[in-house]
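Visitor: Sequence first, predicted model second:
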Amino acid sequence: MIVGMSAEDRERSRAVRYQGQPSPEALGRLRIAEGLGKDFAYDPEAVRATLVGMARTPGGELTVAVAGEEIVGFVFLNLPHPQSRWGREGPPGLYEVAALEVARPWRGHGIGSTLLRTAVNPAWEERILLAPLDPEEWDTLGSGRSKRGYRQMLLSLFRRAGFAEYPLALEPGLNHDPASLFLVRVGNRVDRGRLRLFGASLEGVGPRSLVEINRLPREEREAVYRRLIPMALLAAFAIDPRTFTDGAGNRLVEFDCPPDQEMVWVGVRSRPEDRDLCFLLKLQASAFRNLELAFVVISNPRAERFGVDRDPQGRENRLGTAGRNVPEELRAMQAGLAPGQTRRGLRLLREAVRLVEEFAARMGGDRVLLNAMFYHNAILYERYGFGYAAGREEMERIHQEFQPGGTLFALLDGSTPFRRPGAERSVRGRSWAIHDGILGEAWEPPRMVKQVGKDAGVCTFPDALW
């Protein structure tokens, strides 16, 4: 989010006019000012296309600042993104400041402040407007301000439009940087019922255990557990996020929620005839309201399948941990997969972990725990902010022994296809060697833990290649 605000050179600002809800045709006739569009490398056509898209968004409201025949700034108010906390569980009537930018040469003339005050017209007194402000989106370089100075400028600007600062803990997506701002404007005509719902959202009122959720009526508990499924996954396979059905009405999402157990199992198929799930997640309760991510698999159902999950006699083998299918494992390794993978993934694991973390926070927990089934799993979860409750010393020992002169390095002698020289340089190479028994003993899954909203900063394989 990029803005400008100062009291200097007011004469220039008088040349600016503000237009609410401009038509796509009007936007097409205007030029894009130089220095507008940080997210688009200042490409004017990309900025114009984005503004036209905003103008056509149902429920969205776009306001532009125009000087002569140039657009020098804009603000866009819209419904919360469906993958955000507020888009998934917020009460009706919530909107957010989705974008606010002023062209670099036009900053410092009050345009950002006027844009915001113009956009928040009397109709907004009946709505609740959120403004999550992430420092990663701030143009501190172009403004010449420090992060702290930029933050103070934003806070002053939004306060003049009636916003108040709320704790960052209410918006988990901002917890990565303490300089972040979470601001809220509650209109003075918001009805009491909506205000109560919003207050309940802020306080985290709701079930505090999986059993409580599992005992809710079906529609209610599925609405809660829906938050664990990445929206991008449902969108990729055209699955309705409300009904969990495809265009033909086939239900493709399954939930197993035993009413007497602290456990939930969520599965998604891309098509009714698919044998395999493309998404499988199992959560269970741990101590002190914390959650354990017992299992998660996300795979591309259109990709080639490798039978590493069954032994040569066709029996299930717990992804190769209870009996191996070496010919299929070799095929999988040659195709670039890691141990336990039956298909290539969809690059949604990080998002799934984030959703589990947010889910844990809503239930009052402050940690997510898991056991890393394979070596490469542990390295991935390190990258997602996990540390170790147990097993870190072993992970560090493994790294040292894969260095030249180490015992594991020496065992990469080509004696099996999974122990080829050079495998020590990659996460996948090490993982296959460990799966092949190079440690001399069975892999002991390390116990990993992530504190909600915090990155443990652990890395047991520096400069690793995948």
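Guide: Looks like it arrived, so ask away.

Visitor: Tell me where the stretch 101-250 of the chain has strands.
Guide: Ranges of strands within the stretch 101-250 of the chain are 128-133, 164-166, 181-186, based on DSSP state E, counting those that start in this stretch.

Visitor: Please produce JSON lines containing those, extended by mean neighbour count.
Guide: (Glycine included, C-beta is placed from N, CA and C.) JSON lines is the format used below for those (neighbours: other C-beta atoms under 10 Å):
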{"stretch": "strand 128-133", "mean neighbour count": "24"}
{"stretch": "strand 164-166", "mean neighbour count": "13"}
{"stretch": "strand 181-186", "mean neighbour count": "21"}
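
Visitor: hey, least reliable of those strands by pLDDT?
Guide: Between the strands of the stretch 101-250 of the chain, the one with the least mean pLDDT is strand 164-166; it has a mean of 84.

Visitor: Quick check: neighbours of that strand in the sheet, parallel or antiparallel?
Guide: strand 181-186 (antiparallel) (DSSP bridges).

Visitor: could you check the angle strand 128-133 makes with the partner strand?
Guide: Put simply, strand 181-186 runs at 170 degrees to strand 128-133, going by axes from the mean of the first three to the mean of the last three C-alpha atoms, to 10 degrees.

Visitor: pLDDT below threshold where in this protein?
Guide: Low-confidence segments of the chain (pLDDT under 70): 1-14, 83, 169, 172, 200, 203-207.

Visitor: Redo the strands of the stretch 101-250 of the chain as TSV? Include distance to Arg428.
Guide: Shown next, in TSV, are the strands of the stretch 101-250 of the chain (distance: least, C-beta to C-beta, whole Å):
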stretch	distance to Arg428
strand 128-133	36
strand 164-166	43
strand 181-186	39
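
Visitor: Nearest to Arg305 among those would be which one?
Guide: Nearest to Arg305, of all those, is strand 128-133, at 40.3 Å by C-beta to C-beta.

Visitor: tell me which strands and helices that closest one is in contact with?
Guide: Packing partners of strand 128-133 (3 or more C-beta pairs under 8 Å, 6 or more residues apart in numbering; DSSP states H and E): strand 94-102, helix 147-160, strand 181-186, helix 192-203.

Visitor: rerun that using 10 Å as the cut-off
Guide: Applying 3 or more C-beta pairs under 10 Å, 6 or more residues apart in numbering; DSSP states H and E, we find strand 128-133 packed against strand 70-78, helix 85-89, strand 94-102, helix 147-160, strand 164-166, strand 181-186, helix 192-203.

Visitor: returning to what we had before: for Leu465, which of the strands of the stretch 101-250 of the chain is the nearest?
Guide: The closest of these to Leu465 is strand 128-133. By C-beta to C-beta, the value is 34.7 Å.

Visitor: quick one: strands adjacent to that closest one?
Guide: Strand 128-133 has these strand partners (DSSP bridges): strand 94-102 (parallel), strand 181-186 (antiparallel).

Visitor: tilt between the first one and strand 70-78?
Guide: Here strand 94-102 runs at an angle of 160 degrees relative to strand 70-78 (the same axes, to 10 degrees).

Visitor: what's the angle between strand 94-102 and helix 192-203?
Guide: For strand 94-102 against helix 192-203, the angle by the same axes, to 10 degrees is 70 degrees.

Visitor: So Gly414 is in contact with Ala433, correct?
Guide: No - with contact defined as C-beta atoms under 10 Å, Gly414 does not reach Ala433; the gap is 11.3 Å.

Visitor: Show me the common contact partners of these two, please.
Guide: Arg420, Ala423 (C-beta atoms under 10 Å, 6 or more residues apart in numbering).

Visitor: could the strands paired with strand 128-133 go into a markdown table alongside distance to Glu401?
Guide: Converted to a markdown table, these look like this (distance: least, C-beta to C-beta, whole Å):
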| stretch | distance to Glu401 |
| --- | --- |
| strand 94-102 | 50 |
| strand 181-186 | 46 |
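
Visitor: Of all these, which one is nearest His399?
Guide: strand 181-186 (38.7 Å).

Visitor: so the nearest residue to Ala26 once chain neighbours are set aside, which of the three states?
Guide: Distance criterion C-beta to C-beta, 6 or more residues apart in numbering; nearest residue to Ala26, sequence neighbours excluded, is Gln19 at 7.4 Å. Following DSSP: H, G, I helix; E, B strand; the rest coil, Gln19 is assigned to strand.

Visitor: Surely Gln19 touches Val72?
Guide: No - applying C-beta under 10 Å, one finds Gln19 not in contact with Val72, separated by 11.7 Å.
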